[in-house]
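Trainee: Here is my input; please provide its structure:
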Amino acid sequence: MTTAKNPAPKRKDDASSTPRQQQIEALFGQFCLACGALGPLIWGGMIVWAASQNEGYSHRIDMISALATGESDSAVLMRALGFGLSGALYVVAGLYAAFRFRHDPASVLASLLLLAGGIGRMGGGIYPCDASCLGFEVPAAARMHLWTTAINDVSLTFAALAFGVTVNRYPKLKWFSSLSFGCGSWTIVSMVMMATSVSEQGLYQRYATGILSVWMVIWTVMMWRSRIWAEDLEWRKPNYAPRHRHFRRK
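Mentor: Numbering: from 1, shown residues only. Here you go, the predicted structure:
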């Protein structure tokens, strides 16, 4: 398989935009990427803080959703900040990435998976879980929590896998390919261990969400280093046409 160089078209407004407009665009892009970095930091910080407010809570056994159960101050803040705010920050980063990668449909799809993960996490805060989540007859609100958190986990995992494939075509982002694909793969392993474990579900859930959080921070660093707000990245479109082989005559 060969690759054909196919640079993304340059921005049409570069010639007509003023330095002030370019500065505003740069600040807006940096703000959106900063949201991508703050999202996992808020998520991890709220998990640690909310757990410290619940006596008897075990990171090894208990699930993260239990921290948002009830009407205590820690539960309300966990739903509002841990699930709601961090999810909204993922949405902002995903929307901006989809816009900047708009010339590459595969990268747009990966960005939309990131966006869907943020929406799923926000839904987990809107529909909190309770003890009935673990029962056989799950009420509607608890069932919505299970569905939205599943969307969050699956979407972010596939976003990591998708970016592991798509960024391989960008010379400036190629270094992130193996790391991104590895994070997605290890997240799947952690989720399988969480589903099959009896006494350590909370531990494996933290492995999974921790890997995805670290991946998100590194993803933001990658985008920041490439200065994606300043220019369209050059990329190479795969060429699946068969190569012509020339044989030497004897």
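
Trainee: CA only for contacts and neighbour counts going forward, please
Mentor: Fine.

Trainee: Now do stretch 147-162, average pLDDT.
Mentor: For stretch 147-162, mean pLDDT rounds to 95.

Trainee: tell me how far that stretch is from the chain's mean position?
Mentor: 8 Å (CA atoms, centre = their mean, to the nearest Å).

Trainee: can you check stretch 88-95 too?
Mentor: The answer for stretch 88-95 is 9 Å, by CA atoms, centre = their mean.

Trainee: just stretch 161-169 next, same as before
Mentor: Distance of stretch 161-169 from the chain centroid (CA atoms, centre = their mean) equals 13 Å.

Trainee: got the CA positions of that stretch in CSV?
Mentor: Output of stretch 161-169 as CSV, limited to C-alpha atoms (Å, rounded to 0.1, in the frame of the first residue of the first chain):
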residue,chain,number,x,y,z
LEU,A,161,-8.5,3.6,19.0
ALA,A,162,-9.7,5.7,16.1
PHE,A,163,-7.2,8.5,16.8
GLY,A,164,-4.5,5.8,17.0
VAL,A,165,-5.3,5.0,13.4
THR,A,166,-6.1,8.5,11.9
VAL,A,167,-3.2,10.5,13.3
ASN,A,168,-0.8,8.1,11.7
ARG,A,169,-1.4,10.0,8.5
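
Trainee: which element follows the lowest-mean-pLDDT helix or strand in the chain toward the C-terminus?
Mentor: Lowest mean confidence among the helices and strands of the chain (mean pLDDT, DSSP states H and E): strand 2-5, at a mean of 47. Counting by DSSP states H and E, the element after strand 2-5 in chain order, helix or strand, is helix 19-52.

Trainee: same for that following helix, what does it pack against?
Mentor: For helix 19-52, the packing partners by 3 or more CA pairs under 8 Å, 6 or more residues apart in numbering; DSSP states H and E come out as helix 86-100, helix 201-225.

Trainee: Can I get those in a markdown table including mean pLDDT and distance to Ala142?
Mentor: Shown next, in a markdown table, are the helices and strands packed on helix 19-52 (pLDDT from 0 to 100; distance: least, CA to CA, whole Å):
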| stretch | mean pLDDT | distance to Ala142 |
| --- | --- | --- |
| helix 86-100 | 95 | 19 |
| helix 201-225 | 94 | 18 |
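
Trainee: Out of the ones you listed, which is the most enclosed?
Mentor: Across the helices and strands packed on helix 19-52, averaging neighbours per residue (mean count of other CA atoms under 10 Å) puts helix 86-100 on top, at a mean of 23.

Trainee: who does that one touch, helix- and strand-wise?
Mentor: Against helix 86-100 (3+ CA pairs under 8 Å, 6+ apart) you get helix 19-52, helix 105-126.

Trainee: low-confidence ranges in the chain?
Mentor: For the chain, the stretches with pLDDT under 70 are 1-17, 130-141, 231-250.
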